[in-house]
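In: build me a model:
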Amino acid sequence: MLQNCAVMIPFKDLPRPDGKFLVGTDVFVLKDVNREEIFTEATNDSRKIVVQVWYPSSEEGDSIYPYLDYPDIRIPYIAKRLGVKERLIEHINKVEANAYYKSKPIQQEFPVIIFSHGLGGNRTQNTANIESLASNGYVVFAIEHTYDANITIFNDSTYIEFNSYLSEDVSIEEFYKIRIPQIKTRADDISFMIDQIVQFKEQGFYIGEICNINNIGIFGHSFGGGTTIVSSFLDSRIDACLNLDGWLEPITKNIINSGINIPFCYIGQEQKQWNGAPYNEELLLDFHANNKNDSYIIEIKKSHHFDFADIPYLTRTTRLMGLSGKPGKTLTLDLNKTITNFFNFYLKGQKTNWYDNLENNYNTKIHSK
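Out: Residues are numbered from 1 along each chain as shown. Take a look at the predicted model:
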């Protein structure tokens, strides 16, 4: 029905950040000359990613950075991933965010958070959560994982399309042959990003100066949620891990069976709703049981996969499209508080009841240890 509808979907602006700081932002293209690009057969093709950073700012800048940069290039690919016609989502280019482009940062150190998007998503898909974190005193870096993002656009307007398709009838052997190197590439993107932050600090680059490189958290959605687990297992510099409806099937058994030794939280839909991922629940429960630090699984009943990204807040039509469930737009605001308070608890040592918002306002099932 929506495919044939002539009316464009209405979108609203992102919520105002709930912290005390203004938010600044900047965008970088980073190239890892020590790592070959696995998605291409070209020789000497080094891995290149786009990264956006949000940070506490001391002043309003000259302009708000757009929620969706290069909209003419992006919208066709977003429509394709959502399975709708381009005209239906045309107004998404009018959504306003809250971060000032290259505004002056507050001159003090803040903990660092790194965000990893879902398969076919992009770096801005959870901007509401990210702006909330920055406004509450975090420096947040979101990586656009090239070839896994719906579209990656570089600063010269060249771009790389999503290239991570697998057919539904792929064998288990082929699934792991492809997905394990992909999730490892994503985890390597995150370690490379941490390396770059350390270099930024050593070189006196303005973003590096405000980063506390000894206090690093990570969160991600879907395939990005799985990526956070792999990264936390492989990179000892990460201190806390939060997972939004994450996909665990691409994670190797040795990581599931070992667990991680830093605080972990999974927030998502009921596991029985994970279409096409029949082993996700088993893997999640095993991983949770094997974790060696505080570990939580918070399932929110009647929620759907995209309730854990921006889209349900931006438009009410996502429920009609089957992309979001009963919690709707209010979940975005409660997730903002929960994500911030989780990192406040584990990175800043603030003893808060960090998941009360979810437990009190939604029908939840919670595992903790």
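
In: surely residue 162 and residue 76 touch.
Out: No - counting by Cβ atoms under 8 Å, residue 162 stays clear of residue 76, with 11.5 Å between them. Where you see a C-beta, it was placed from the backbone N, CA and C, and this is true even at glycine.

In: which of these two has more neighbours?
Out: Set side by side, residue 162 and residue 76 show more neighbours around residue 162, with 19 against 13, by other Cβ atoms under 10 Å.

In: so where's the stretch 201-350 of the chain uncertain?
Out: 275-276, 321-322, 324, 328-329 (pLDDT under 70).

In: at 90 instead, please
Out: 271-279, 311-312, 315-330 (pLDDT under 90).

In: model confidence for the residue nearest to residue 146 when sequence neighbours are not counted, exactly?
Out: In this structure, residue 146 finds its nearest non-sequential neighbour in residue 152, 4.6 Å apart by Cβ to Cβ, 6 or more residues apart in numbering. pLDDT, residue 152: 96.

In: neighbouring contacts of the host helix or strand of residue 152?
Out: Per DSSP states H and E, residue 152 falls inside strand 151-153. Contact with strand 151-153 is made by 49-50, 69-70, 73-74, 77-78, 122, 144-146, 159-162, as judged by Cβ atoms under 8 Å, 6 or more residues apart in numbering.

In: partners of that strand, with directions?
Out: Here strand 151-153 is paired, per DSSP bridges, with strand 159-161 (antiparallel).

In: buried ones in the strand it pairs with, by neighbour count?
Out: Buried residues in strand 159-161, counted by 16 or more other Cβ atoms under 10 Å: 159, 160.

In: same check, this time on stretch 231-250
Out: Residues 231-233, 235, 237-250 are the ones in stretch 231-250 that count as buried (16+ other Cβ under 10 Å).

In: out of the residues you listed, which sit inside helices?
Out: Among the buried residues of stretch 231-250, the members falling in helices (DSSP state H) are 231, 232, 233.

In: residue 334: which of the residues you listed is nearest?
Out: Taking Cβ to Cβ as the measure, residue 334 lies nearest residue 232 of those, at 24.2 Å.

In: surely residue 277 touches residue 247?
Out: Yes - using Cβ under 8 Å, residue 277 is in contact with residue 247, at 6.3 Å.

In: okay, residue 290 and residue 368: tell me how far apart.
Out: To residue 368, residue 290 is 15 Å away according to Cβ to Cβ, to the nearest Å.

In: hang on, the earlier thing: and the residue nearest to residue 146, how far from residue 243?
Out: Residue 152 is 23 Å from residue 243, where distance means Cβ to Cβ.

In: one more: residue 195?
Out: Distance, residue 195 to residue 243, by Cβ to Cβ: 23 Å.

In: now, the buried residues of stretch 231-250 that are in strands?
Out: 240, 241, 242, 243, 244 (DSSP state E).

In: excluding residues flanking it in the chain, which one is nearest the fourth one?
Out: Once its chain neighbours are removed from consideration, residue 243 has its nearest residue in residue 225; the separation is 3.9 Å (Cβ to Cβ, 6+ apart).

In: tell me which element the one you found falls in.
Out: Using DSSP H and E, residue 225 falls in helix 223-234.

In: got the angle for that helix vs strand 240-244?
Out: Here helix 223-234 runs at an angle of 160 degrees relative to strand 240-244 (axes from the mean of the first three to the mean of the last three Cα atoms, to 10 degrees).

In: which strand residues bridge residue 142?
Out: Note on residue 142: beta-bridge partners by DSSP bridges are residue 52, residue 115.

In: give me the neighbour count for it.
Out: 27.

In: then residue 30?
Out: Neighbour number of residue 30 under other Cβ under 10 Å is 15.

In: same thing with residue 12?
Out: Count around residue 12 with other Cβ under 10 Å applied: 14.

In: where does the stretch 51-200 of the chain dip in pLDDT?
Out: Residue ranges of the stretch 51-200 of the chain with pLDDT under 90: 61-62, 76-91, 157, 164-172.

In: what are the boundaries of the strands in it?
Out: Along the stretch 51-200 of the chain, counting by DSSP state E, counting those that start in this stretch, strands occupy 100-101, 110-116, 139-144, 151-153, 159-161.
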